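1. need the 3D shape of this:
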Amino acid sequence: MKHTFATQWMAALLAAALVCTPMEAASKDQTTQKNQGQAQSEPPLPEQTNPNVKPGSESDVNAIGNRNVGKGLDFYSLQKEIAIGKQLSQQVDQQAKFINDPVINEYVNRVGQNLVRNSDARVPFTIKVIDSDVVNAFALPGGFFYVNSGLILHADEESELAGVMAHEIAHVCARHGTKDMTKQNIAQIASIPAMIFIPYTWAGYAIYQGMNFAIPLTFLRFSRRDEAEADYLGLQYMYKAGYDPNAFVAFFEKVEADEKKQPGTIPKIFATHPPTPDRVEAAQREIATILPARSEYIVTTSEFDSVKHRLQMIEANIKVKNEKNGPTLRKRTDQNKGGNTQGGSDQTSGGDNRPTLQRRPSDQQP
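-> I've put the predicted structure just below:
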């Protein structure tokens, strides 16, 4: 069975380099439509004061959504990328155990969709929560995004969860999966005859730590350069969504401490990630240079605490009620009035009923 799947996967991806299939989700016009009902009163981003930041460049946070992020050699169209991601997600959906609680799923989806709206995403995102104690999240090409329950439980604040989610969203925005696969296409073009007899030599398969997801290694393991770019973009996305970017640094410092205290905390498949101290230093440098200071940031919300507690009860097999109180907002400053979670309640579901990508009206103004 595995060899059959590998052979079919190899053939599908080779064909993708030459053939563009119709988009299986929303049309391009739908994915770029404005979200007229979302956060009309949200204050604009502070003006960029760094003279070294070129307007419209990857460093210009005021141009998020209108930048050419993801450029570079890529054999795969966005339509084909969505098709590939859907095929991979079906493998995950068949093998993973999901958190089925509607309150938790709606909350995680809302946080994620808010980050997507404040990113350079060109595809809609489908977000699901996997029941796993592994501290991680991963996004497949085409916007199929999975968050482990272990990540939610490990985070102390909503901004920490948002930082990790923004990093994974950045991988999709930068199209790291299909660009890396394009490089493999070129490198392996002379080995096609051998691949027919030894299918595993083409892409290689990875068993996701703690689970049994047979997914091509390319889509779970990125180069150090790709990880650094995802950090760079992810920080901008969480900043634009209103979160304190320092939470990203705090989370990785905590992860580093946990790894020293208990080796093996970090999934081994992600061993190529930049060393944590380097990621922390790079993030601090970005915060200080290209992210204009704001008067206040979202640190966490009462809803995060409620959802985390609810998840702890579910993990302990304690019955929970399907009711939710209105959230309150805690910001980095002492001014707690007038805040909101800046989240929409975009619906997501599996199968063909995928959400359409929507942006805030202000995102269309560089």
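
2. ok, which stretches of the stretch 251-366 of the chain are helices?
-> 276-289, 302-315 (DSSP state H, counting those that start in this stretch).

3. quick check: buried residues in the last one?
-> With burial defined by 16 or more other C-beta atoms under 10 Å, the residues of helix 302-315 counted as buried are 303-308, 310-311, 314. The way it works is simple: take the backbone N, C-alpha and C, and place the C-beta from them, glycine included.

4. and which of those is nearest to Leu235?
-> Of all the buried residues of helix 302-315, Leu235 sits closest to Phe304, with 19.5 Å by C-beta to C-beta.

5. and the residue nearest to the closest one when sequence neighbours are not counted, how far is that from Arg175?
-> The spatial neighbour of Phe304 that comes closest, neighbours along the chain excluded (C-beta to C-beta, 6 or more residues apart in numbering), is Glu158 at 3.8 Å. Per C-beta to C-beta, to the nearest Å, Glu158 is found 28 Å from Arg175.

6. for those two, indicate the residue with more neighbours.
-> Legend: neighbour count by other C-beta atoms under 10 Å for Glu158 and Arg175, higher for Glu158 (29 against 23).

7. mind listing what that one touches?
-> Each residue near Glu158 by C-beta atoms under 8 Å, 6 or more residues apart in numbering is listed here: 111, 243, 298-301, 303-304.

8. please tabulate these in CSV, including the columns pLDDT and distance to Lys97.
-> As requested, the contacts of Glu158 are exported to CSV (pLDDT from 0 to 100; distance: C-beta to C-beta, whole Å):
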residue, pLDDT, distance to Lys97
Val111, 97, 21
Tyr243, 96, 29
Ile298, 93, 31
Val299, 94, 31
Thr300, 94, 27
Thr301, 94, 27
Glu303, 96, 24
Phe304, 97, 23
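
9. just the ones of the residues you listed in strands?
-> Per DSSP state E, strands hold the following members of those: 298-301.

10. between which two of these is the distance greatest?
-> The distance between the two most remote of those (C-beta to C-beta) is 8.6 Å, for Val299 and Thr301.

11. look at these two and report which has more neighbours.
-> Thr301 (24 against 20).

12. list the beta-bridge partners for the more buried one.
-> With DSSP bridges as the criterion, Thr301 is bridged to Leu329.

13. return the distance of it relative to Tyr243.
-> 11 Å.

14. kindly report the same for Leu88.
-> 29 Å.

15. for those two, indicate the residue with more neighbours.
-> Legend: neighbour count by other C-beta under 10 Å for Leu88 and Tyr243, higher for Tyr243 (30 against 22).

16. quick one: find the helix or strand in the protein with the lowest mean pLDDT.
-> Ranking every helix and strand in the chain by mean pLDDT, DSSP states H and E puts helix 28-31 at the bottom, with a mean of 37.

17. right, and the helix or strand after it?
-> helix 78-95 (DSSP states H and E).

18. pLDDT weak spots in this protein?
-> Counting by pLDDT under 70, the chain has low-confidence residues at 1-43, 187-221, 265-275, 322-366.

19. where do the helices sit along the stretch 101-250 of the chain?
-> 102-117, 149-154, 158-173, 176-188, 192-197, 224-240, 246-261.

20. how about these, which one is nearest Thr289?
-> Once the helices of the stretch 101-250 of the chain are compared by C-beta to C-beta, helix 224-240 is nearest, at 11.2 Å.

21. remind me what the closest one packs against, helices and strands.
-> Where contact means 3 or more C-beta pairs under 8 Å, 6 or more residues apart in numbering; DSSP states H and E, helix 224-240 is packed against helix 158-173, helix 176-188, helix 246-261, helix 276-289.

22. separation between the residue nearest to Ile64 when sequence neighbours are not counted and Leu115?
-> In space, and not counting its chain neighbours, Ile64 is closest to Lys240: 5.5 Å by C-beta to C-beta, 6+ apart. Relative to Leu115, Lys240 is positioned 9 Å away (C-beta to C-beta).

23. right, I'll call it a day here.
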